[in-house]
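> Below are the sequence and a predicted model for it; my questions follow.
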Amino acid sequence: MRRSIVVLVLVLVLVLVLAAAVWPATPNAANGSTTQPEPPTGQQADFNNDGADDLAVGVPGQHVGAPPFNSGAVNVLYGSATGLTAAGSQLFTQNTPGVPGTADEGDYFGNALASGDFDNDGFADLAAGAPFEDVGSLVDAGAVSILYGSAGGLTTTGAQLFTQAGGTVEADDVFAWSLTAGDVDNDGFADLAAGAPFEDVTSRRDAGAVSALYGSADGLTTTGSQLFTQAGGTVEAGDWFGFALTIADFNGNGFADLAAGAPSETVGTLLGAGAVSAIYGTADGLTTNGGQIFTQDTPGVPGVAEDETSSAMPSPPATRSCTGGTRHPRQTPMICGHQAP
Ligand SMILES: [Ca+2]
Ligand SMILES: [Ca+2]
Ligand SMILES: [Ca+2]
Ligand SMILES: [Ca+2]
């Protein structure tokens, strides 16, 4: 893992995953216990299925030993009748026995998190991205770990590690930079979407892509996995499609849908104005049929798309050293570190 990533302003980035309050527990009058109704999108955050949602906190800047630096970790806090509590809390790194992979310098494990019940056993499960994980000799290809829930909370039993699904694993894809979960085919098993915003699409560098992995009785699987490039728009170099993701049922038809941001999308001649695509769920999974793209220049959307280099915008720091051709001038230090030679 290249040391340039260590040039990081964001020493500690907390990434929170919480589906609490969206689907409040329903009292069961018969026995006084609580049960968790199935949420409409398959999203869940109750790792021990005790009726109180739980919280996973990403600590991608965690040093596991010293070095490796910035290999990353995930803290887990459990909910209770009185709210979150430190009792029974956990810390996972890639060096935790049973967690696939190895804590290497600059993996940033925990940089993105998503929860869902991938095997539909009632216990929510956790996906934790390590976007700068090297895959063999492929530097910064990226990977995502899956930890499964149980009555005792998250466990390493049956833990999995996935590299880019539906596509070709390449250096600098930064797969699992973004994650979201929901039941896009409404089969009861939560599904996972994982962004690789620096995926090259043919010769279009850093156009970006999003993988979909589907849940099953055996957990997440690559069977039927898909790779999507920008929907509703034109795939261009430097779009960063998949930089941010979320799943929700936008048309209320029971199939969860995917929204994927392309923050560096060019709108007309406006560099880096940004766009968001919607990809809809069906019984057969996500499909680009009916896919949409919205920008601030879409009729009816308030606001005006502007060029990232507009004089109204702040100038990028003079010390910016990213030289990738199509780079966004205000990219985060982490991304800058990623792109540095
Ligand atoms: Ca719980
Ligand atoms: Ca589960
Ligand atoms: Ca599903
Ligand atoms: Ca839908």
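Done, it's in. Ligands and ions are numbered 1, 2, ... in the order given.

> Tell me where the model's unsure across the stretch 201-341 of the chain.
Under the criterion pLDDT under 70, the flagged ranges of the stretch 201-341 of the chain are 309-341.

> In it, which residue sits closest to ligand 2?
Residue of the stretch 201-341 of the chain nearest ligand 2, by C-beta to the ion: Gly219 (7.5 Å). Just so you know, the C-beta spots here come from the backbone N, C-alpha and C atoms, and that holds for glycine as well.

> Please name the residues that touch that residue.
By C-beta atoms under 8 Å, 6 or more residues apart in numbering, the contact set of Gly219 is 118-119, 125, 146, 148, 158, 160.

> Quick one: buried ones out of those residues?
The neighbour count (16 or more other C-beta atoms under 10 Å) marks 118-119, 125, 146, 148, 160 as buried among the contacts of Gly219.

> Now for these: which two are most distant?
The span of the buried ones among the contacts of Gly219, defined through C-beta to C-beta, is set by Asp119 and Gln160 at 10.7 Å.

> Whichever residue of the stretch 151-300 of the chain sits closest to ligand 1: neighbour count?
Using C-beta to the ion, Gly153 is the residue of the stretch 151-300 of the chain that sits closest to ligand 1, at 7.5 Å. Around Gly153 there are 18 other residues, counting by other C-beta atoms under 10 Å.

> That one: what's it in contact with?
If you count contacts by C-beta under 8 Å, 6+ apart, Gly153 has them with 47-48, 54, 76, 78, 88, 90.

> Can you flag which of those belong to helices?
Using DSSP state H, no member of those sits in helices.

> now the residues you listed in TSV, with pLDDT?
Shown next, in TSV, are the contacts of Gly153 (pLDDT from 0 to 100):
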residue	pLDDT
Phe47	98
Asn48	97
Asp54	98
Val76	98
Tyr78	98
Gly88	96
Gln90	98
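
> Out of the contacts of Gly219, flag the one nearest to ligand 3.
When the contacts of Gly219 are ranked by distance to ligand 3 (C-beta to the ion), Phe118 comes first, at 8.4 Å.

> Surely the closest one and Ala190 touch.
Yes. With contact defined as C-beta atoms under 8 Å, Phe118 counts as touching Ala190 (5.1 Å).

> Just give me the residues shared between the contact sets of the two.
125, 181, 215.

> Relative to ligand 4, which of these is nearest.
Nearest to ligand 4 among the shared contacts of Phe118 and Ala190 is Ala181, at 14.8 Å by C-beta to the ion.

> Figure out how far the helix or strand hosting that closest one is from the centre of its chain.
Using DSSP states H and E, Ala181 sits in strand 178-182. Relative to its chain's centre, strand 178-182 lies at 5 Å (C-alpha atoms, centre = their mean, to the nearest Å).

> Check the spacing between the residue of the stretch 151-300 of the chain closest to ligand 1 and ligand 3 real quick.
Going from Gly153 to ligand 3 by C-beta to the ion, to the nearest Å gives 23 Å.

> next one: Gly149
Counting by C-beta to the ion, the gap from Gly149 to ligand 3 is 16 Å.

> And for Gly215?
Using C-beta to the ion, Gly215 is found at 5 Å from ligand 3.

> Let me see the contact set for that residue.
By C-beta under 8 Å, 6+ apart, Gly215 lies in contact with 42, 116-120, 183, 187, 189-192, 221.

> now do 10 Å
The contact partners of Gly215, by C-beta atoms under 10 Å, 6 or more residues apart in numbering, come to 42, 116-120, 125, 146, 181-185, 187-192, 221.

> Can you tell me, leaving aside adjacent residues, what's nearest to it?
Distances taken as C-beta to C-beta, 6 or more residues apart in numbering place Phe189 nearest to Gly215, at 3.0 Å, with adjacent residues excluded.
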